[in-house]
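In: here is a sequence together with a model predicted from it:
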Amino acid sequence: MKTLYLADWLLPVSSEPLRDGALLVENGTILAIGSRAELFPLYASHAEVVSLGAAVMAPGWVNTHCHLELSALHNQIPCFDHFPDWITRLIELRSQFSDNELRQAARQTAKELARSGCVLVGDITNGLFLEDDKTDSLIERVVFYELLGFNPALAQDIVKEASARVEAENPAALCTPHAPYSTSARLMQLLHEHNRLQSVHLAESPEEVSFLRDGSGPFRSFLKARNIETDAWNAPGASPVAYLDSLGVLDAKTLLVHGVQVEEDDLSRIHVRQASVSICARSNAHMNVGQPPLKEYLKKGIRVSIGTDSLASNDDLDMNNEINYLFNNFSGILPAELIKLATLNGAVALQKEEDYGSLEAGKRARFNVFFSDKPVVRNPEAFIVSKSWSHMKCF
Ligand SMILES: [Zn+2]
């Protein structure tokens, strides 16, 4: 049975907004989009017609960076002066929860994520939430199995062991490096060879920058405290982005997460290598590490998407709130641009644009409807990002 949804507006994202929009769906797939005037006469007689009224239809949100398995740590870690102190606290706290508690919190949060209109998430796991979880079929996870290891001599074994585990538990999962201060160059290169897509925390804190520049700052003592030997390690003497580039692991299959500590030269490298960036602005604000240069990224033509990061560093994982934060705190970005970052750009970054990210014939009919108390006459994108809607419904 076909269903024809009608609303004041339809935002395909991949093309111009449609006033009095219509969306034709069958078996969870979009058959056609158009205006009411075009589609209603063709399909009204043999489709169920759902008039949504004063509302805007838009593609489901894509959250490109999250750690569902840290959900149990919500509201428990304050901001520290130095970023490594935050990680230390995270590791301590995490060890106080049982695997079962962490898993349960992750599943619960996945459901909340789906309820807030997110249909696809790039989810980092350190191995606990590796399975292809179908508990909540409303959300699709691109699972990144995050690996750490600062000793290059162990890199080969780490990859071998992780690959075997992925093969056994979830072959679709992607082994991925954590960050340059926790993952050896060798391990990053091996993972890059193995992968069609990988995510890496990069250029997040000033401490990461000083560690890579000349080995100074609190990261060295952080590693020492974990019995990780750094005496034989030489600082690359480069920015985080330039360091990745020098290793040959910065390219179109690289999703850089955070990208706060970047300069003009870094922007050029990211652009030339066609890497993409997942910004997590509310997490950055919580950690007090600065904010990503969103305007400069977009000016350069770099593909930016939006992540929430985990509940350990964010109030919630609601993409509506994440976008609203960007709308209120980053000037000069058009609402339509913000919606594209949170939908199509995210789907492309996670290599899932065949199914998600825009409302087009052939893609999955996963969309959000934002309702209004009165007709939405103009600026449907601003209506969404400013949260002027009364309520939303997810399809
Ligand atoms: Zn993260």
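Out: Perfect, thanks for sending it.
In: any low-confidence regions in the stretch 101-250 of the chain?
Out: Scanning the stretch 101-250 of the chain for pLDDT under 70 picks out 135-137.
In: ranges for the helices of it?
Out: 155-169, 185-194, 206-214, 219-225, 240-247 (DSSP state H, counting those that start in this stretch).
In: okay if I get those as CSV plus mean neighbour count and distance to V119?
Out: Heads up, the C-betas are built off the backbone N, CA and C, glycines and all. As requested, the helices of the stretch 101-250 of the chain are arranged in CSV below (neighbours: other CB atoms under 10 Å; distance: least, CB to CB, whole Å):
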stretch, mean neighbour count, distance to V119
helix 155-169, 15, 24
helix 185-194, 20, 27
helix 206-214, 20, 32
helix 219-225, 17, 36
helix 240-247, 22, 30
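In: as a markdown table, those helices with distance to R19 would be great.
Out: Converted to a markdown table, the helices of the stretch 101-250 of the chain look like this (distance: least, CB to CB, whole Å):
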| stretch | distance to R19 |
| --- | --- |
| helix 155-169 | 47 |
| helix 185-194 | 46 |
| helix 206-214 | 47 |
| helix 219-225 | 53 |
| helix 240-247 | 42 |
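In: report the beta-bridge partners for the closest residue to V200 other than its chain neighbours.
Out: Spatial nearest neighbour of V200, excluding adjacent residues (CB to CB, 6 or more residues apart in numbering): P177 at 5.1 Å. Following DSSP bridges, P177 is listed with bridge partners L147.
In: okay, now P177: neighbour count?
Out: 29 (other CB atoms under 10 Å).
In: that one touches F144, doesn't it?
Out: No: applying CB atoms under 8 Å, one finds P177 not in contact with F144, separated by 9.6 Å.
In: mutual contacts of those two, please.
Out: Common contacts of P177 and F144, defined by CB atoms under 8 Å, 6 or more residues apart in numbering, comprise Q198.
In: tell me the centre residue of this structure?
Out: T64 (1.4 Å; CA atoms, centre = their mean).
In: and that residue, which of the three is it?
Out: strand (DSSP: H, G, I helix; E, B strand; the rest coil).
In: for it, which residues are in contact?
Out: Contacts of T64 (CB under 8 Å, 6+ apart): V121, G122, S199, L255, V257, S278, S305, I306, G307, G346, A349, L350.
In: confirm the fourth one sits in a strand?
Out: The one in question is L255. Yes: judged by three-state DSSP, L255 forms part of a strand.
In: show me the contacts for it.
Out: L255 sits next to 64-65, 122, 197-200, 275-278, 305, 349-350 when contact means CB under 8 Å, 6+ apart.
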